[in-house]
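Colleague: Provide a 3D model corresponding to the input given below.
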Amino acid sequence: MLATSARVTPEPHAARSLPAMNHPDITFSVVIPNFNNGATLARAIDSVLAQTWPAHEIIVIDDGSTDDSAAVAARYGDRVRYVPQPNAGVSAARNNGARLATGTWLAFLDADDTYMPERLAAHARWIAREPDIDFLFADQDFREPDDTHLQFSIDACAAGRSLVARHPGQVEIPIAQDDFEACIADGFAEIRTLSLPRATFLRLGGFPLEHKIGEDMYFFIRLYAASRRGGVVNLPLSVYYIYPGSALRKDPVAAQRKYVATIAALDEELRDAPAGIRRGWRTRLRYGRLSLAYMHLRAGQRRAAVAAVAPLMWSNPSLRSLRDMASVMRG
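Modeller: Have a look, this model is predicted:
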């Protein structure tokens with residue numbers, strides 16, 4: 001973990017130094033997919049309405065909810081655009097919201113999470129100086145449902161720690177193409193802190209509908225492959241709440257298996273990608289397979305563990321693959 005001193009504290013109301021009215025071309029459409037999150041939806045919407053840089057619009061795509069979500073959204077009147085759709089999954093909801101959006105930039109927030117007040121302003125300042133930047137991320141605060149802090153996303157990954165170490169005390173950290181490999185391999189990309197041009201999102205085709213776990217990383221890898229430069233704000237700009245009933249916690253082995261399948265599905269598309277992009281993808285896939293193997297080992301399923309890492313031997317034969325296989329076989 002990084003030392004606490006590595007985290008930068010923003011000055012109060014720093015975002016107000018760049019009034020929105022001076023940059024009418026920087027408009028954020030915030031897309032909130034929702035499925036039976038009526039209990040937390042108002043908290044999410046309120047966090048967007050509290051932004052120091054006002055959102056151009058808030059679009060709630062209700063993915064077939066059967067709870068009181070519609071009534072919750074209705075309390076906000078025309079401040080929230082509420083769009084119901086038949087249940088089709090979070091990717092379909094986000095894609096639908098992006099198609100309906102009228103802002104120049106997209107931002108996403110799940111209905112059970114929140115934004116920090118500076119979430120949009122911190123990115124708007126950067127975009128105002130570099131309007132052709134391809135994408136922006138930020139740090140994220142992971143919390144328990146009772147708001148107990150767990151970790152920060154930048155601290156939790158190698159690429160994040162490396163970027164902060166190379167730019168000590170810097171709030172805005174540029175990400176060049178040379179950084180993309182590390183960001184893909186072990187990066188801190190989080191959907192709640194992503195800002196990107198709506199045109200870019202539509203050009204890439206949005207999130208994959210056929211993959212339910214890891215769909216965000218699938219999209220991020222494709223975004224890196226299509227980009228020249230991005231950036232990360234070294235401030236926690238969103239809160240991700242970890243709930244015990246989530247799909248990842250209810251059956252982590254099944255979730256990890258689906259995650260590996262999602263990342264592996266990029267193989268064909270990345271055939272002609274830059275070498276660094278493909279190396280980063282291979283490394284992330286390797287980590288995913290190893291994690292799955294160790295989950296099986298902890299459950300006493302040695303044969304399943306070996307099967308999880310076996311594809312590494314024929315897809316990318318190397319001494320490292322041999323060592324991975326040997327490590328799993330030794331248990």
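
Colleague: name the helices or strands packed onto the lengthiest helix in the chain?
Modeller: Counting by DSSP state H, the longest helix found in the chain is helix 275-298. Secondary-structure packing of helix 275-298 (3 or more Cβ pairs under 8 Å, 6 or more residues apart in numbering; DSSP states H and E): helix 177-186, helix 215-225, helix 252-264, helix 302-315, helix 319-330. C-betas here are computed from N, CA, C, even on glycine.

Colleague: same for the fourth one, what does it pack against?
Modeller: For helix 302-315, the contact count by 3+ Cβ pairs under 8 Å, 6+ apart identifies helix 275-298, helix 319-330 as packing neighbours.

Colleague: Measure how the shortest one sits relative to helix 302-315, angle-wise.
Modeller: The directions of helix 319-330 and helix 302-315 differ by 170 degrees, with axes from the mean of the first three to the mean of the last three Cα atoms, to 10 degrees as the criterion.

Colleague: Pull out the buried residues from helix 319-330.
Modeller: Under the neighbour-count criterion of 16 or more other Cβ atoms under 10 Å, helix 319-330 has 321, 324-325, 328 buried.

Colleague: and that helix, how far out from the chain's middle?
Modeller: Relative to its chain's centre, helix 319-330 lies at 31 Å (Cα atoms, centre = their mean, to the nearest Å).

Colleague: ok, residues contacting that helix?
Modeller: Residues external to helix 319-330 that are found in contact with it (Cβ atoms under 8 Å, 6 or more residues apart in numbering): 286, 289-290, 293-294, 297, 302, 305-306, 308-310, 312-313.

Colleague: With just CA atoms, put it into CSV.
Modeller: Taking Å, rounded to 0.1, in the frame of the first residue of the first chain, the C-alpha atoms of helix 319-330 are listed here in CSV:
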residue,chain,number,x,y,z
LEU,A,319,9.0,-20.5,-19.4
ARG,A,320,6.6,-18.4,-17.4
SER,A,321,3.7,-20.5,-18.5
LEU,A,322,5.6,-23.7,-17.5
ARG,A,323,6.2,-22.2,-14.1
ASP,A,324,2.6,-21.2,-13.7
MET,A,325,1.5,-24.8,-14.6
ALA,A,326,4.1,-26.3,-12.2
SER,A,327,3.0,-24.0,-9.4
VAL,A,328,-0.7,-25.0,-9.8
MET,A,329,0.2,-28.7,-10.1
ARG,A,330,2.2,-28.5,-6.8
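
Colleague: just to revisit the earlier point, tell me which residues of the longest helix of the chain are tucked away?
Modeller: Quick answer for helix 275-298 (16+ other Cβ under 10 Å): 276-286, 288-290, 292-297.

Colleague: Could you do stretch 25-41 as well?
Modeller: For stretch 25-41, by 16+ other Cβ under 10 Å, it's 26-38, 40-41.

Colleague: now for these, which pair is the farthest apart?
Modeller: Using Cβ to Cβ, the two most remote members of the buried residues of stretch 25-41 are Ile26 and Asn36, lying 33.4 Å apart.

Colleague: For the stretch 51-200 of the chain, which segments count as helices?
Modeller: 69-74, 90-100, 119-129, 158-166, 177-186, 198-204 (DSSP state H, counting those that start in this stretch).

Colleague: pLDDT below threshold where in this structure?
Modeller: 1-22, 246-249 (pLDDT under 70).

Colleague: Give me the distance between the longest strand seen in it and the centre of its chain.
Modeller: Counting by DSSP state E, the longest strand found in the chain is strand 229-241. Relative to its parent chain, strand 229-241 has a centroid offset of 10 Å by Cα atoms, centre = their mean.

Colleague: Equivalent analysis for stretch 61-79, please.
Modeller: 24 Å.

Colleague: any idea how far Ser227 lies from Ala101?
Modeller: Distance from Ser227 to Ala101, counting by Cβ to Cβ, to the nearest Å: 20 Å.

Colleague: of these two, who's got more company?
Modeller: Here Ser227 and Ala101 are compared on neighbour count by other Cβ atoms under 10 Å; more neighbours surround Ala101, at 23 against 17.

Colleague: got a list of what that one touches?
Modeller: Ala101 is in contact with 29, 31, 57, 59, 198, counting by Cβ under 8 Å, 6+ apart.

Colleague: Just want to check the distance between the third one and Met116.
Modeller: Glu57 sits 20 Å away from Met116, taking Cβ to Cβ as the criterion.

Colleague: Quick check: His211 is in a helix.
Modeller: No. His211 sits outside any helix when classified using DSSP: H, G, I helix; E, B strand; the rest coil, being coil.
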